[in-house]
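Visitor: Let's see this in three dimensions:
(2 chains)
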Amino acid sequence: ESDSTREQGRSLFTEQAEPPCALCHTLKDAGASGTIGPSLDVMQPESEIVMRAITQGIGPMMPYDDLSEEEKQILADYVAQVAGQ
Amino acid sequence: ASEGSDLPEYVNWKEPETLIIHSDNTLETKRSAFGTASITPEDRLYIRNNISPPPSSIVEDRDSWEVSIEGVAEPRTLTLAELKTMGIETVTMVLQCSGNGRAYFDHDPSGTQWQLGAAGNVMWTGVPLRSIVEALGGVAEGAEYVTGTGGEELPEGIDPLSILVERSVPLEAMEDILLAWDINGEPISLAHGGPLRMVVPGYTGVNNVKYIKKIAFTEEESPARIQQTRYRLMPVGEEGGPQWPSVWKMDVKSWITGPLDNRGAGPVLVTGVAFGGTTPVDSVEVSVDGGETWHQADFVGPDLGRFAWRPFVLAVDLEPGNYMLVSRATDSEGNSQPENFEPNQSGYSHNGWRAPGVEIAVS
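Guide: Residues are numbered from 1 along each chain as shown, chains lettered A, B, ... in the order given. You can find the predicted model right below:
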C-alpha cells in the first residue's frame, strides 16, 4: 500500500468519514481511542470484514453510504493493514 | 478471533478456554463448553455489547443506582435499594443474541459470525415490573410499549439517537419483565448489565437492556436507531426500517453439544439443549444420519419453566462409519424447527436444524 493511500485511509478514518471512525473505535495508527465500538487493534479485522461493516453497518454502526466505493476500499484496506500494530 | 487469556479487562474473570473472542465487545461460548448443564455459569456466558459498557464505578455502590419510571400515573425515580423492597422473583431464561446462528446463512450478512454460542440459560432475580407499576398507580392511558434505556456513556460529536441503546417491546411483555440485580444468585457483573438489567423473558438479548436507567411506557417505539432501523427482520438486499418486524421473541430451537469429535465405535450419549423461546419445549428428536431417521431424546434435569432450556440425551451405539448428528425440537404449540431458516438481510433468528449438524467419523 503506497504512503498516499495509507495517508488517505488515515484521514478517512479520522476526519472524512461522517461520523469519523475514530470517534467510536480505537486504532493506534490513527491515534484513535474511541471506546463505543470494539477496539480494531484487538479485533484486527480483514479488509473484507471492514468493507462489509462500512457497506452494511453492524449493530449501532450505520452503513457509510456517502463514501465512494473507492474510498470505502481504501479505508477498509487501511484498517486491515494497520490494526494491531 | 483469538483465544487464551487475552480476555478484555472487563471480562478477565471469565474462563478463557470456554470462549471464542470475536472482539472486546463480542465473546462466544464454545459449543464444547455447554455439556448438559441446565444453567450456564456466568464465567462462560457469551458477551454481546452493542456499545462499550459504562465505567466499573457504577457497580461499586450498587444500591445507589437510579432508574426513572415514566408513563405511569405517578412517575418517579427509584434507587436499587428501594426496588429491593418492592418485590422479588426469579426467572430461568434462555439469553440468546438476535444474531446467534448468523454464520449459518449463505449470504455473508455483516456482523459477528456467531454459530451457537451466543446463548446461555441463566436465572435472573429481581423485582417484577408489574409490581413497580402497581405501586406507581398503573400504566398511563394509550401506552403500547415498554421502552428501556441503557446507562452507557455517549461521546460528544455524535447524534445520541444513533448509538443510544434504547429498546421497545410490546406492552404485553410487562407481565414477565423483571428489573434484575442478580444472575445465578450473584450480583450481575458490569459485563452482563450490572447493577440493574431489564430482563424480558423469551425476547432476544438486545431487548434485555443493560444498566437500565429509564423505563417508560410509550405510545410509540423508541426513536433510537437501534430500534427504528437496526434489529429488523427484512429480506436479503433490503434496508432496515420501521416497516419491517422488530427482532423480539425467540422461536423453538435446539442443538447438539456432544459428541463433537471423531471417535471409536461403540455406545455414546448424544447430548444437547432445547428450548421453546416463549412457550415450553415439548420434545426433541435426534438423528445421526442427517435427518433420514429420527429418534425421541429424553430431557435431563428439572423443568425450570417455559423460558428455560432443557438439556437432552439420546443413547446410541455407533458402528464404524460417517455420521451427521442433528436435533429438532418441537414446542408445546406444535411448532418444530424448520430444516432451513429463511435468510434475512442481517442474519437474525436462525433456528434451522440442518446447518448446525455435527459431522463425525467413527472408526
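
Visitor: ok, how many other residues are close to residue 39?
Guide: In the absence of a named chain, this looks at chain A. 22 (other Cβ atoms under 10 Å in any protein chain shown). All C-beta spots, glycine's among them, are computed from the backbone N, C-alpha and C.

Visitor: that's the other chain; I wanted chain B
Guide: Residue B:39 has 18 nearby residues by other Cβ under 10 Å.

Visitor: dump the residue contacts of it.
Guide: Contact partners of residue B:39, counting by Cβ atoms under 8 Å, 6 or more residues apart in numbering or on different chains, are B:92, B:121, B:122, B:123, B:184, B:304.

Visitor: Could you double-check that the second one sits in contact with residue B:41?
Guide: I take that to be residue B:121. No: at 10.5 Å, residue B:121 does not count as touching residue B:41 under the criterion of Cβ atoms under 8 Å.

Visitor: which one of those two has more residues nearby?
Guide: Set residue B:121 next to residue B:41 and count neighbours by other Cβ under 10 Å: residue B:121 wins out with 24 against 17.

Visitor: circling back to that earlier point, specify which member of the contacts of residue B:39 is nearest to residue A:65.
Guide: residue B:122 (38.6 Å; Cβ to Cβ).

Visitor: For chain B, give me the ranges with low pLDDT.
Guide: Along chain B, the parts satisfying pLDDT under 70 run over B:1-5.

Visitor: Tabulate the contacts of residue B:39 (CSV), appending secondary structure and distance to residue A:10.
Guide: Below are the contacts of residue B:39 laid out as CSV (DSSP: H, G, I helix; E, B strand; the rest coil; distance: Cβ to Cβ, whole Å):
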residue, secondary structure, distance to residue A:10
B:92, strand, 49
B:121, strand, 45
B:122, strand, 43
B:123, strand, 48
B:184, coil, 45
B:304, coil, 52
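
Visitor: nearest to chain A, of those residues?
Guide: residue B:122 (21.8 Å; Cβ to the nearest Cβ).

Visitor: Now for that closest one, how many residues are close by?
Guide: When neighbours are counted by other Cβ under 10 Å, residue B:122 comes out with 21.

Visitor: Let me see the ranges of the helices in the chain.
Guide: In the absence of a named chain, this looks at chain A. Using DSSP state H, the helices of chain A run over A:3-11, A:21-24, A:40-43, A:47-56, A:69-82.

Visitor: Oops, wrong one, chain B.
Guide: Here chain B has its helices, by DSSP H, at B:80-83, B:129-135, B:160-163, B:225-228.

Visitor: List the contacts of the first one.
Guide: Put plainly, it is helix B:80-83. B:62-67, B:126-127, B:132, B:179, B:181, B:195-196.

Visitor: Now list the buried members of those.
Guide: Listed as buried from the contacts of helix B:80-83 are B:62, B:65, B:67, B:126, B:127, B:132, B:179, B:181, B:195, B:196; burial here means 16 or more other Cβ atoms under 10 Å in any protein chain shown.

Visitor: Tell me which two in these are the farthest apart.
Guide: Maximum distance among the buried ones among the contacts of helix B:80-83 (Cβ to Cβ): 17.6 Å, for B:62 and B:132.

Visitor: Name the pair among the contacts of residue B:39 with the greatest separation in space.
Guide: Top of the distance list for the contacts of residue B:39 (Cβ to Cβ): B:184 and B:304, 11.9 Å.

Visitor: who touches both of the two?
Guide: Joint contacts of residue B:184 and residue B:304 (Cβ under 8 Å, 6+ apart) are B:39, B:123.

Visitor: Show me what from chain A comes close to chain B.
Guide: A:19, A:23-24, A:34-39, A:42-43, A:52-53, A:55-60, A:62 (Cβ under 8 Å from any Cβ of the partner chain).

Visitor: Could you rerun that using 6 Å?
Guide: Counting by Cβ under 6 Å from any Cβ of the partner chain, the positions of chain A adjacent to chain B are A:19, A:23, A:35-36, A:38-39, A:42-43, A:52-53, A:56, A:58-60.

Visitor: with the residues you listed in mind, which one is nearest to residue B:54?
Guide: Proximity of the residues of chain A next to chain B to residue B:54 (Cβ to Cβ) peaks at residue A:35, which lies at 10.6 Å.

Visitor: Please dump the helices of chain A into a markdown table; it should also carry mean pLDDT, distance to residue B:355 and mean neighbour count for every row.
Guide: Shown next, in a markdown table, are these (pLDDT from 0 to 100; distance: least, Cβ to Cβ, whole Å; neighbours: other Cβ atoms under 10 Å in any protein chain shown):
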| stretch | mean pLDDT | distance to residue B:355 | mean neighbour count |
| --- | --- | --- | --- |
| helix A:3-11 | 93 | 36 | 16 |
| helix A:21-24 | 94 | 32 | 21 |
| helix A:40-43 | 91 | 25 | 21 |
| helix A:47-56 | 93 | 20 | 18 |
| helix A:69-82 | 97 | 28 | 19 |
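
Visitor: now the end-to-end length of stretch B:170-181.
Guide: Stretch B:170-181 has its terminal residues 23 Å apart, counting by Cα to Cα, to the nearest Å.

Visitor: Stretch B:302-311 now?
Guide: 9 Å.

Visitor: now do stretch B:207-227
Guide: Using Cα to Cα, the two ends of stretch B:207-227 sit 10 Å apart.

Visitor: Which one, of the helices of chain B, ends up nearest to residue B:201?
Guide: helix B:129-135 (11.3 Å).

Visitor: Which positions within that closest one qualify as buried?
Guide: B:129, B:130, B:131, B:132, B:133, B:135.
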